[in-house]
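Participant: this one's sequence-less:
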């Protein structure tokens, strides 16, 4: 099966429909000292232990730092699920809840845990440039 390098230098199968299940913002606010009391490296490490993770530049939701986006699997997309945006993910327990939900199937497959419902927000619309 052919492989393609991804943004982290890892390889993935070209047949893998969702190379990343979780996108974590790490730019101007998320993942920086502006969000105090959070072990940002440990958060990434814990999520990566559960699921493929992509680190993103700014997702334009700085007021919700730290932002984590959970993408549905192929089965979740087939069920009509869309990515779930979670904000203010600044607690190790929230990171554990996200990891457990994704391992259980995530959007469209496993119900969103009530506690994670407190973190859900509607992402900002990106402005068209040009």
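Facilitator: Sure thing, it's come through. Worth saying up front: this structure is predicted, and the values here are computed from it rather than measured. Numbers count the residues shown, from 1 in each chain.

Participant: contacts, neighbours, all on C-alpha from now
Facilitator: Fine.

Participant: which stretches of this structure have low pLDDT?
Facilitator: 1-19, 126-130 (pLDDT under 70).

Participant: buried ones in stretch 82-98?
Facilitator: 83, 84, 85, 86, 87, 88, 89, 90, 94, 95, 98 (16 or more other C-alpha atoms under 10 Å).

Participant: Ok, stretch 36-54 next?
Facilitator: Buried residues in stretch 36-54 (16+ other C-alpha under 10 Å): 38, 40, 43, 44, 47, 50, 51, 53, 54.

Participant: Out of those, the closest to residue 29 would be?
Facilitator: residue 40 (11.5 Å; C-alpha to C-alpha).

Participant: Once you drop chain neighbours, what's closest to that closest one?
Facilitator: residue 31 (5.4 Å; C-alpha to C-alpha, 6 or more residues apart in numbering).

Participant: ranges for the helices of this protein?
Facilitator: 40-50, 74-78, 92-103, 114-117 (DSSP state H).
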